[in-house]
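Enquirer: build me a model:
(one chain, ligands or ions: 2)
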Amino acid sequence: MVKTEWMEKGFVDEPVDKTLDLKTEIRKLCREKDAIILAHYYTVGDIQEIADFVGDSLALARKAAETDARMMVMCGVHFMAETCKLLSPDKVVLCPDLTAGCSLADSCRAEDLKRFKDEHPGYQVVSYVNTTAAVKALTDCVVTSGNAKQVIDSFPEDAKIIFGPDYNLGNYINSVTGRKMLLWNGGCHVHEKFSVAEIVKLKQLHPEAVVMAHLECKASILAIADVKGSTATMLKYAQEHDCKEYIVATEAGILHEMERTCPEKTFYPVPPEVSEGGLGCSCNECEYMKKNSLEKIYNSLKYDWPTVEIDPAIAAEAVKPIERMLSLS
Ligand code: 13P
Ligand code: SF4
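Expert: Ligands and ions are numbered 1, 2, ... in the order given. Here you go, the predicted model:
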């Protein structure tokens, strides 16, 4: 029985026995319930270590579409759990904390996009995967940071495109494709805080280091980055190249997998710009991703809740642009 107070909080708020070995108990529950755990690179190391699969948003979507498991626990943020449910509607999708949102997804409300579309007849809408199901239902094709250029290249040269909600990603894709997509003015509060000054400071200390930046970073950061792409792109680059040092401008959770798979290399996370007087976020972590915890995963598997549910009329439309993306990349 799901308690009203849990519903209000968005997660099972039940104290967990401190003597339990949570990692072992979670794996036991997964076996009993035929569940798999999917985790994004930005979750804490303990979660990545017990996950069946760790990946970027594109790889996680692919995994959700192909799994045979009866149930999946999506340890990431809410839109990622929605994507899993859209691609596997007959499976139980657990999201350990329903309040794990995304500032980028929040920057584009479906009603605002609908109005913008109505004002621009003849335009197709390409949306970043960091959007709600309601926004995807208004979208012609979804992209992730791992396939955005490839997907946009598949559109006719003269296609009129509205791209949202990440301005920085859209601006970068315009610059490398020569397109003139209309850009939504949204952004991620973590990636927008990275500054050139902090990267220069790190580069002065480590002149041989390769600078890597996520495509959600501002144009000024991307202009000085040697490697630009999704979390998986950066990880792959470090795994496949000889350079021993890397300066990493994205959420710091990715360092866990970088250090695990490249133990002989050193990774320096870029700290965000802190405004004078100490105001502003001094953290390069996504507080939404960090809402996932072993306790919440354990409770979620124990009570089969919180599940992700999507209005069937919205789901029927929202899955189409995701499937289109998966067929193109
Ligand atoms: P990836 O597509 O690289 O996984 O990024 C998702 C995200 O939310 C970045 O902030
Ligand atoms: Fe959303 Fe930014 Fe967190 Fe990624 S890092 S999930 S874009 S708020």
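
Enquirer: helix/strand/coil for the residue nearest to Lys136 when sequence neighbours are not counted?
Expert: Nearest residue to Lys136 in three dimensions, chain neighbours excluded: Ala318, at 3.8 Å (C-beta to C-beta, 6 or more residues apart in numbering). Where you see a C-beta, it was placed from the backbone N, CA and C, and this is true even at glycine. Following DSSP: H, G, I helix; E, B strand; the rest coil, the label given to Ala318 is helix.

Enquirer: and Ala318, what's its pLDDT?
Expert: On the pLDDT scale, Ala318 is placed at 98.

Enquirer: show me what contacts it?
Expert: Counting by C-beta atoms under 8 Å, 6 or more residues apart in numbering, Ala318 makes contact with 82, 86, 133-134, 136-137, 139, 310.

Enquirer: surely Leu104 touches Gly186?
Expert: Yes: at 5.8 Å, Leu104 counts as touching Gly186 under the criterion of C-beta atoms under 8 Å.

Enquirer: number of residues surrounding Thr139?
Expert: 25 (other C-beta atoms under 10 Å).

Enquirer: how close does it get to Leu113?
Expert: Thr139 is 8 Å from Leu113, where distance means C-beta to C-beta, to the nearest Å.

Enquirer: which non-adjacent residue is nearest Val270?
Expert: In space, Val270 is closest to Ala249, 4.4 Å off (C-beta to C-beta, 6+ apart).

Enquirer: and the helices in the stretch 201-329 of the chain?
Expert: Under the criterion DSSP state H, counting those that start in this stretch, the stretch 201-329 of the chain contains helices at 219-224, 231-240, 254-261, 294-303, 312-328.

Enquirer: mind listing what's buried in the longest one?
Expert: The neighbour-count check on helix 312-328 (16 or more other C-beta atoms under 10 Å) flags 314-315, 318-322, 324-326, 328 as buried.

Enquirer: of those residues, closest to Tyr298?
Expert: Ala315 (28.4 Å; C-beta to C-beta).

Enquirer: that older thread, name the residues contacting each of Thr139 and Leu113.
Expert: Common neighbours of Thr139 and Leu113 (criterion: C-beta under 8 Å, 6+ apart): Val125.

Enquirer: so for stretch 105-122, mean pLDDT?
Expert: On average, the pLDDT along stretch 105-122 is 98.

Enquirer: do stretch 26-37 as well
Expert: Mean predicted confidence for stretch 26-37 is 98.

Enquirer: what number of residues lie near the closest residue to ligand 2 within the stretch 201-329 of the chain?
Expert: Residue nearest to ligand 2 within the stretch 201-329 of the chain: Cys286 (3.3 Å; C-beta to the nearest ligand atom). Neighbourhood size, Cys286 [other C-beta under 10 Å]: 24.

Enquirer: ok, it touching Thr43?
Expert: No: the pair Cys286 / Thr43 is not scored as a contact, 9.5 Å apart, by C-beta under 8 Å.

Enquirer: and Leu104 and Gly186? Which one has more around it.
Expert: Leu104 (27 against 21).

Enquirer: host element of the more buried one?
Expert: When elements are assigned from DSSP states H and E, Leu104 belongs to helix 103-106.

Enquirer: buried set for that helix?
Expert: Neighbour-count burial for helix 103-106 flags 103-106 (criterion: 16+ other C-beta under 10 Å).

Enquirer: kindly report the same for stretch 216-231.
Expert: Using 16+ other C-beta under 10 Å as the burial criterion, the residues of stretch 216-231 that qualify are 216-218, 221-222, 225, 227-231.

Enquirer: before we move on, the earlier item: how about the helix holding Leu104 as PDB, C-alpha atoms only?
Expert: This file holds the C-alpha atoms of helix 103-106, laid out as PDB (Å, rounded to 0.1, in the frame of the first residue of the first chain):
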ATOM      1  CA  SER A 103      16.300  22.100 -15.300                       C
ATOM      2  CA  LEU A 104      16.600  21.700 -19.000                       C
ATOM      3  CA  ALA A 105      13.400  19.800 -19.400                       C
ATOM      4  CA  ASP A 106      11.700  22.400 -17.200                       C
END
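
Enquirer: and the contacts of it?
Expert: For helix 103-106, the external contacting residues (C-beta under 8 Å, 6+ apart) are 77-79, 128, 130-132, 135, 165-166, 186-190, 216, 288.

Enquirer: likewise for stretch 153-166?
Expert: Contact partners of stretch 153-166, identified using C-beta under 8 Å, 6+ apart, comprise 104-105, 107-108, 113, 116-117, 120, 122-128, 130-131, 135, 141, 152, 169-170, 173-174, 177, 179, 181-184, 186-188, 215-216, 328.

Enquirer: who's in contact with Cys217?
Expert: Going by C-beta under 8 Å, 6+ apart, Cys217 touches 168, 191-192, 194, 225, 249-250.

Enquirer: one more time with 10 Å
Expert: Neighbouring residues of Cys217 by C-beta atoms under 10 Å, 6 or more residues apart in numbering: 168-169, 172, 187-188, 190-195, 199, 223, 225, 228, 249-250, 270.
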